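[1] Structure, please.
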Amino acid sequence: MNAQKRTDIELLSAFSQGDKQALEQLIKRYERKVYVYILMMVHQPQLAEDLTQDTFVKAIQSLKRGQYAEDNKFGSWIIRIAHNIAIDHFRRNKQRQELLSGNYDYDLFASQRLSEANAEQRMVYAQVLADVRALVETLPMEQREVVLLRYYGELSFKEIADLTDVSINTALGRMRYALINMRKTMESKQMNMQLSM
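    Numbers count the residues shown, from 1 in each chain. You can find the predicted model right below:
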């Protein structure tokens with residue numbers, strides 16, 4: 001069976017039986033998502049590459065030890081590892097206050113869709129993404145973190161609550177306030193986008 005058509009569970013099973021190509025396919029499937037997620041946290045492309053590599057090294061070690069037990073949630077599992085790797089980096093460097101703030105030159109929102117669109121569509125899409133990025137940057141750190149985990153990490157609110165060591169109601173509340181704050185900013189700047197959980 002073609003590795004690209006196999007599910008994460010099938011690839012993990014094949015890897016556990018010695019198929020190294022299955023692991024390579026899993027890494028290819030998630031490396032961009034993990035890299036973009038970490039880049040949004042650290043804002044430094046080279047550091048994001050290093051932390052992405054650390055994420056996959058840790059994941060592979062865990063898989064080899066048989067520590068993966070989350071059926072059909074490999075994507076969420078790898079994002080949680082990436083999140084923890086990035087947080088550990090900030091803790092080691094005493095830069096927790098800088099988490100998720102700052103400027104970066106890398107286009108986080110590069111998309112295959114853009115290459116297929118005409119020039120006008122690309123300009124509109126790029127502007128919308130820049131506006132969203134600017135809105136997220138204005139949020140307090142706790143709200144930013146929930147937005148990134150929910151929309152870029154694609155974690156459930158329960159997973160976000162577990163990862164950030166808060167109750168699910170706190171995670172939901174932070175998302176609610178993030179959306180309220182983003183809507184207020186949009187209204188004050190007369191931006192036209194639709195925000196929802």
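
[2] Secondary structure element for Q46, which one?
    Here Q46 sits within helix 45-64, counting by DSSP states H and E.

[3] So for that helix, what gets flagged as buried?
    Of the residues in helix 45-64, those buried under the neighbour-count criterion (16 or more other CB atoms under 10 Å) are A48, L51, T52, D54, T55, F56, A59, L63. For every residue, glycine as well, the C-beta is placed using N, CA and C.

[4] Same list (those residues) but as CSV, adding distance to I27 and pLDDT.
    Formatted as CSV, the entries for the buried residues of helix 45-64 read as follows, by distance: CB to CB, whole Å; pLDDT from 0 to 100:
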residue, distance to I27, pLDDT
A48, 16, 90
L51, 15, 94
T52, 10, 94
D54, 13, 95
T55, 10, 95
F56, 6, 94
A59, 9, 92
L63, 11, 89
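
[5] For these, could you give me CSV that also reports distance to A134?
    Formatted as CSV, the entries for those read as follows, by distance: CB to CB, whole Å:
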residue, distance to A134
A48, 20
L51, 24
T52, 25
D54, 29
T55, 27
F56, 31
A59, 32
L63, 38
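
[6] Name the nearest of those relative to E10.
    L63 (14.2 Å; CB to CB).

[7] Could I get the contacting residues of the closest residue to the closest one other than its chain neighbours?
    Spatial nearest neighbour of L63, chain neighbours left out: F15 (6.6 Å); criterion: CB to CB, 6 or more residues apart in numbering. Residues counted as contacts of F15 (CB atoms under 8 Å, 6 or more residues apart in numbering) are A22, L23, L26, L63.

[8] now, among the buried residues of helix 45-64, which is nearest to H83?
    Checking these against H83 by CB to CB gives T55 as the nearest, at 9.1 Å.

[9] Quick check, the closest one in contact with D88.
    No: counting by CB atoms under 8 Å, D88 is not a contact partner of T55; they are 10.7 Å apart.

[10] Any stretches of this protein with poor pLDDT?
    1-4, 70-72, 94-119, 121-122, 125-126, 129, 191-197 (pLDDT under 70).

[11] Let me see the domain layout of this structure.
    Taking automatic domain parsing as the reference, the chain has its domains at 6-102, 107-197.

[12] any idea how far the first one is from the chain center?
    Offset of domain 6-102 from its chain centre (CA atoms, centre = their mean, to the nearest Å): 10 Å.

[13] same deal with the shortest one?
    The offset between the C-alpha centroid of domain 107-197 and the centroid of the whole chain comes to 11 Å, using CA atoms, centre = their mean.
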